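*Asks:* task: produce atomic coordinates for the following.
(chains A, B, C and D)
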Number of protein chains: 2
Amino acid sequence: MIYSSELIKGTLKTIILKLLKDNKRMYGYEITQRVKELTHDRIQLTEGALYPSLHALEADGILTTETEYIGKRVRKYYSLSAKGKTVTKEKISEFADFMNTMKFLLDIKTDIA
Amino acid sequence: MIYSSELIKGTLKTIILKLLKDNKRMYGYEITQRVKELTHDRIQLTEGALYPSLHALEADGILTTETEYIGKRVRKYYSLSAKGKTVTKEKISEFADFMNTMKFLLDIKTDIA
DNA sequence: AAATATACATTGGTTTCTTATGTATTGTAC
DNA sequence: GTACAATACATAAGAAACCAATGTATATTT
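*Replies:* Residues are numbered from 1 along each chain as shown, chains lettered A, B, ... in the order given. From the prediction side, this is the model:
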């Protein structure tokens, strides 16, 4: 199953921030692959969604970047700034709260303890 | 706490369908009030979002309508069509699956069994 | 040598929602 | 009895976020 795109709307930034929280630094392509792997292909980030989001987070001072060359190929690493770490905690906790509300509203039984 | 609007994106139709599944028929204003009440004001549907969604669901054959007059004031009741009942089950189960994926991805502990 | 994977990025379009506005009736508080 | 809030519908203009497509280029596998 691949989720309908409307479902994923609004969660992309939270996913990016969580991955960066756990991994110190990651580059764009790596993020798409990690999400694909962790969700068993259920969530597939498109580049057209990912890169603008990364750029927006950087412009907001939430992410910092370092560019490196692997051979001749450029690679841009993203990391959480101090502000980013705070924002990440808030976003995840807001999402957790939202999920509990939705679970109650939709009367859903979950299968993960 | 009122959730940031981006979080709610993509969930509106699922919420509408779930309420109609439980209540046979409801009118627009009633839906806004019920959601507000059930979520303790955390989710407040705006009319500008609700009515276009209801109209779209009706146009897709997912909802049927009956108009009644309460005194001189018009009230438009919405109900699930046969197709709508099927779609509702699919939507809720897709959302439940999505929540489990997100819970795993964000490493969230839930407080509802 | 060709195909696939890696790695960045932008552009045009669509969907979905927000804010604002509009109309009208009914109930409540002063 | 009149102003305000609540009830109840609706649309329109714009913003935000995402998707699909396209573009460029290098590296690896077959």
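*Asks:* CA atoms for contacts and neighbours, from now on please.
*Replies:* OK.
*Asks:* longest helix of chain A, counting residues only.
*Replies:* Determined from DSSP state H, the single longest helix within chain A is helix A:82-106.
*Asks:* what mean pLDDT does stretch A:90-102 have?
*Replies:* Averaging pLDDT along stretch A:90-102 yields 93.
*Asks:* mind listing what's buried in that stretch?
*Replies:* In terms of neighbour count (16 or more other Cα atoms under 10 Å in any protein chain shown), stretch A:90-102 has its buried residues at A:91-92, A:94-102.
*Asks:* who touches the helix or strand containing A:Thr64?
*Replies:* For A:Thr64, the element it lies in under DSSP states H and E is strand A:63-70. Strand A:63-70 is contacted by residues A:54, A:57-58, A:74-81, A:84 when judged by Cα atoms under 8 Å, 6 or more residues apart in numbering or on different chains.
*Asks:* weed out the non-buried ones from those.
*Replies:* By neighbour count, with 16+ other Cα under 10 Å, the contacts of strand A:63-70 hold A:54, A:57-58, A:75, A:77-80, A:84 as buried.
*Asks:* from those, pick the one nearest DNA strand C.
*Replies:* A:Arg75 (4.2 Å; Cα to the nearest atom of the strand).
*Asks:* thought that closest one was touching A:Tyr27?
*Replies:* Yes - applying Cα atoms under 8 Å as the test, A:Arg75 and A:Tyr27 come out as touching, 6.7 Å apart.
*Asks:* ok so, going back, how far is the strand holding A:Thr64 from where the chain is centred?
*Replies:* Computed by Cα atoms, centre = their mean, to the nearest Å, the separation of strand A:63-70 from the middle of its chain amounts to 18 Å.
*Asks:* next one: phi and psi at the residue of chain A found nearest DNA strand D?
*Replies:* Per Cα to the nearest atom of the strand, A:Gly48 is where chain A lies closest to DNA strand D, at 3.2 Å. Per-residue torsions, A:Gly48: phi -60, psi -20 (degrees, to the nearest 10).
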